[in-house]
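Engineer: got a sequence here, can you build the structure:
(chains A and B)
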Amino acid sequence: MKTFEEKWTAWLDGQLSGRELIEFESSLPDLAAAEAEKRDAQKLGSFLKKELGAQALSNEEFFSHQLRERIARESEHRPRSTSTWWTVPRLVWSGATALALFLVTTFVLMNRNNPGEQSDYLTQILNSRVDPVVNPNATVSIFESKNHNNVTVLWTEGLQSLPADYAAK
Amino acid sequence: MPHRTLLIAVLVMLAAGALSANAAHAVWSGLVIAENVPQPVQIPAELTKFEQTLKDLFGYNQFELIGQSNKTLRTGEEDWLAVSKYFSLHVDARGENEAGYTLNLTLYKEKEILLETDANLSRSSPLVIKGPQVGGGQLLLVLVVKDDQIHRRRHVEPSNPITTGWYRLRRVIHRMLP
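Structural biologist: All right, here's what the predicted structure looks like:
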C-alpha cells in the first residue's frame, strides 16, 4: 500500500497510469493547483539538468600529460629511505672476501721470513778517520763476515800502542 | 658509498699499524779488552753470542768488558757515551733507516781522538772495531742493536700464527709509511 507522498512523487514524475492515476487525481482537493505545481517541478528539473551537466574537456590530452609529468617529478624528488647496496647476501660476501684477503696476506707474510730469521742487511762503514799526526802509519780496512753472525769489522793497523794500564775499567 | 667505507677502513688500519708498530730498539756498545791468558774468565753475557766469532777473528781467548752502555732509542737521534777509565766511545745516532741506525762513532783516549767513523748499524749485523794495542791485548769496540723487551718476548714465546701475521702486517705497513 503506497502512502500519499509516494503516490504524489510518482504523479509528479508522470509514473502513475490507469486506475491508479484516476483514483489519485480524484483524491486531490484542488486538481488545478496540483497541476500547476507539477509543471513547476518539471521546469525546475529541466533547468537543473541543463545547468549542472558535466562539461566536456576540450584539452584532455594536454591535461593528462601535465598530470603524469607532475607525478613523475614528485617521485624523483622523494628521498630514498634505505640504501639498496648493502643487502644481506652482499654483506656476507664482503665479509668473506675481507677474511680471505686477510688470511692470504697473513700467510704470505708468514712465509716471507721465518721467526728469528735475520735480514740480509749488514752494517756498513760509511767513512772512517784516524788522526794522521798522532798515528802517521795507521791504516783502516773493512770486511764483513757472513759466516760469523753477519759481523762487520773495522780493522785498524798502526795505531799507537798503549801500556797495559789503559785496560783499566 | 661502499668505496668510501672501504677507504676509511683502510686508513684506520694504516693509522693503527703505524702507531702500534713504532717500537723502540736498544743499542748496546761495549769497550772490550781482548787478551790471551792462561785462565780466561767467562765472556760477558752481551758477547756470548759472538764468542766464537771474536776468537776466530782476533785470536784471543779472553774478552773482558771495561766499559759499556745500553741505550734505548726512541727517536733514533740520541747520543751517549760508553766509558772506561781511559777510553770513551761517543755514539751519536743520526736517524733510523730501513736496516737500522746511522751512527757517528768517536773513540777518545782521555781527551784525544783516536778514531772517528760513520756507520749504518744494522739490526742484524753487529759492528766490531779493532782499536789500539793495549799492553799484551787489544782494545775492541762492539756495537749491537738489540730488540726491545716486547720484541724479545715475542721471539722467545711461541705465539699464535694469526697474531704473528698481524704483527708482520703492521711492521710492513709501518715500513711503507714515510
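Engineer: what's the following helix or strand after the helix or strand containing residue A:76?
Structural biologist: Under the criterion of DSSP states H and E, residue A:76 resides in helix A:60-77. Using DSSP H and E, the helix or strand that follows helix A:60-77 in sequence is helix A:88-112.
Engineer: quick one: the helix holding residue A:76 to chain centroid distance?
Structural biologist: Taking CA atoms, centre = their mean, to the nearest Å, one finds the center of helix A:60-77 at 25 Å from the center of the full chain.
Engineer: kindly export that helix (C-alpha atoms) in CSV.
Structural biologist: C-alpha atoms of helix A:60-77 as CSV (Å, rounded to 0.1, in the frame of the first residue of the first chain):
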residue,chain,number,x,y,z
GLU,A,60,42.1,16.5,-22.1
GLU,A,61,45.3,15.1,-23.7
PHE,A,62,47.4,18.1,-22.5
PHE,A,63,45.8,17.9,-19.0
SER,A,64,46.7,14.2,-18.7
HIS,A,65,50.3,14.9,-19.9
GLN,A,66,50.8,17.6,-17.3
LEU,A,67,49.4,15.4,-14.6
ARG,A,68,51.7,12.5,-15.5
GLU,A,69,54.8,14.8,-15.6
ARG,A,70,54.0,16.2,-12.2
ILE,A,71,53.6,12.7,-10.7
ALA,A,72,57.0,11.7,-12.2
ARG,A,73,58.7,14.8,-10.8
GLU,A,74,57.4,14.3,-7.3
SER,A,75,58.5,10.6,-7.4
GLU,A,76,62.1,11.7,-8.3
HIS,A,77,62.3,14.2,-5.5
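Engineer: for it, what is the average pLDDT?
Structural biologist: Across helix A:60-77, the average pLDDT comes to 86.
Engineer: tell me the secondary structure at the residue nearest the centre of chain B.
Structural biologist: Closest residue to the average C-alpha location of chain B: residue B:145 at 1.3 Å, with CA atoms, centre = their mean. Under DSSP: H, G, I helix; E, B strand; the rest coil, the three-state class of residue B:145 is strand.
Engineer: confidence score at it?
Structural biologist: Looking at residue B:145, its pLDDT reads 90.
Engineer: contacting residues for the nearest residue to residue B:59 once chain neighbours are set aside?
Structural biologist: Excluding its sequence neighbours, the residue lying closest to residue B:59 (CB to CB, 6 or more residues apart in numbering or on different chains) is residue B:36, at 7.7 Å. C-beta: built from backbone N, CA, C; applies to glycine. Residue B:36 makes contact with B:59-62, B:136-137, according to CB atoms under 8 Å, 6 or more residues apart in numbering or on different chains.
Engineer: check the spacing between residue B:73 and residue B:45 real quick.
Structural biologist: Separation of residue B:73 from residue B:45 (CB to CB, to the nearest Å) stands at 21 Å.
Engineer: oh, that last question was meant for residue A:100, not what I typed.
Structural biologist: Taking CB to CB, one finds residue A:100 at 46 Å from residue B:45.
Engineer: residue B:41 - that's part of a helix, no?
Structural biologist: No - Residue B:41 is assigned coil when assessed by three-state DSSP, not a helix.
Engineer: what count of nearby residues applies to the nearest residue to it once chain neighbours are set aside?
Structural biologist: Leaving aside its sequence neighbours, residue B:41 sits nearest to residue B:62 (CB to CB, 6+ apart; 6.1 Å). Residues near residue B:62, counting by other CB atoms under 10 Å in any protein chain shown, number 18.
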